[in-house]
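In: Prediction below, plus the sequence it came from.
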Amino acid sequence: MKLYYHPASTASRPVLLFAAESGIDLDLKLVDIFKGEHLQPAYRALNPNALVPMLEDGDFRLTESSAILKYLADKIDSPLYPKDLQQRARVNERMDWFNTQLSRDYCFGLVFAQLLPHHKRRSDEAQAGTVQWGQERSKVWLQVLNDHILGPGHNHVCGDAISIADHFGAGLLTLGEVIGCDFTAYPYVQGWLARIKALKSWKSVNATLDGVTAAHKGESFVTV
């Protein structure tokens, strides 16, 4: 199987982490999003969304990080995507929650709006309003994650056992570390992230993002 990816990509890192932890051998095809390779005709012909990651398994192509994680988990019969109907529904619920509620306001409204030039608004007023809204809504979702999804007695987002929802959610949350988010106001979130970061493949998979974080150290951002 081939995975078209970038090591700093928020959506690519959860797939890379799960594959590394599960011993899945992927033929990695780097798409340099910082140089705009994802926008070139050659890649657009494969993925009209012009985004990473994309999985290629024979003549079958699959986009969207969440879908790729589920496909890979099913392909190897991983316990991290349980077969039990209700347990699997909970994993799906958590992944959808991360991908809609949190990602929309936190990744796009707060982080990307400050970090990526093509996400910044055209006027200072619009930019400030976008970031303020992103910050306010991110705090709401982080409180839900801290108090209700995690909270006392829950080591992972679907209970005690790790699942692909943890791989997915941790990839989104750690994006905020680039702009200085440390989650001190959310102790259960901090503890959960520490557990995911203790996975043996975490450091190698996230080394590029750590470099991006170091490059922005000392800059001023609005955070949570």
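Out: Great, that's in hand.
In: Okay, buried residues for stretch 39-54 please.
Out: 43, 46-47, 51-54 (16 or more other C-beta atoms under 10 Å). The C-beta positions use only the backbone N, C-alpha and C, and glycine is treated the same way.
In: meant to ask about stretch 22-35
Out: 22, 24, 26, 31, 33.
In: swap in stretch 84-95?
Out: 87-88, 90-92, 94-95.
In: Now for these: which two are most distant?
Out: Gln87 and Met95 (13.1 Å; C-beta to C-beta).
In: that older thread, of the buried residues of stretch 39-54, closest to Ser12?
Out: Once C-beta to C-beta is applied, the member of the buried residues of stretch 39-54 that ends up nearest Ser12 is Pro53, at 4.4 Å.
In: Residues touching the helix or strand that contains Gln143, excluding its own?
Out: For Gln143, the element it lies in under DSSP states H and E is helix 124-144. The contact list for helix 124-144 (C-beta atoms under 8 Å, 6 or more residues apart in numbering) reads 101-102, 105-106, 108-111, 113-114, 120-121, 183, 185-186, 189, 222-224.
In: Could you give me the PyMOL syntax to select whichever of these are buried?
Out: Applying 16+ other C-beta under 10 Å to those, the buried members can be selected in PyMOL as follows:
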select buried, resi 101+102+105+106+109+110+111+113+114+120+183+186+189+222+223+224
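In: Out of the contacts of helix 124-144, name the ones that lie in helices.
Out: Among these, DSSP state H puts 113-114, 189 in helices.
In: Switch these over to JSON lines, and while doing so, append pLDDT and distance to Gly218 to every line.
Out: Below are the ones in helices among the contacts of helix 124-144 laid out as JSON lines (pLDDT from 0 to 100; distance: C-beta to C-beta, whole Å):
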{"residue": "Ala113", "pLDDT": "98", "distance to Gly218": "20"}
{"residue": "Gln114", "pLDDT": "98", "distance to Gly218": "15"}
{"residue": "Val189", "pLDDT": "98", "distance to Gly218": "24"}
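In: Closest one to Ser66 out of those residues, please.
Out: When the ones in helices among the contacts of helix 124-144 are ranked by distance to Ser66 (C-beta to C-beta), Val189 comes first, at 19.9 Å.
In: what residues are up against that closest one?
Out: 142, 145-146, 150, 173, 183.
In: go again using 7 Å as the cut-off
Out: Shown in contact with Val189 (C-beta atoms under 7 Å, 6 or more residues apart in numbering): 142, 145-146, 150, 183.
In: ok, now Leu69?
Out: 14-15, 18, 164, 167-168.
In: would you put the C-alpha positions of the helix holding Gln143 in PDB?
Out: Provided in PDB are the C-alpha atoms of helix 124-144 (Å, rounded to 0.1, in the frame of the first residue of the first chain):
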ATOM      1  CA  ASP A 124      -7.300  43.100  10.500                       C
ATOM      2  CA  GLU A 125     -10.900  43.200  11.900                       C
ATOM      3  CA  ALA A 126     -11.900  40.000  10.200                       C
ATOM      4  CA  GLN A 127      -8.700  38.300  11.300                       C
ATOM      5  CA  ALA A 128      -9.100  39.300  14.900                       C
ATOM      6  CA  GLY A 129     -12.800  38.200  14.900                       C
ATOM      7  CA  THR A 130     -11.900  34.800  13.400                       C
ATOM      8  CA  VAL A 131      -9.200  34.100  15.900                       C
ATOM      9  CA  GLN A 132     -11.300  35.300  18.900                       C
ATOM     10  CA  TRP A 133     -14.200  33.100  17.800                       C
ATOM     11  CA  GLY A 134     -11.800  30.200  17.300                       C
ATOM     12  CA  GLN A 135     -10.300  30.700  20.800                       C
ATOM     13  CA  GLU A 136     -13.700  31.000  22.500                       C
ATOM     14  CA  ARG A 137     -15.100  27.900  20.800                       C
ATOM     15  CA  SER A 138     -11.900  25.900  21.300                       C
ATOM     16  CA  LYS A 139     -12.200  26.500  25.000                       C
ATOM     17  CA  VAL A 140     -15.700  25.100  24.900                       C
ATOM     18  CA  TRP A 141     -14.700  21.900  23.100                       C
ATOM     19  CA  LEU A 142     -11.600  21.400  25.200                       C
ATOM     20  CA  GLN A 143     -13.700  21.700  28.400                       C
ATOM     21  CA  VAL A 144     -16.000  19.000  27.000                       C
END
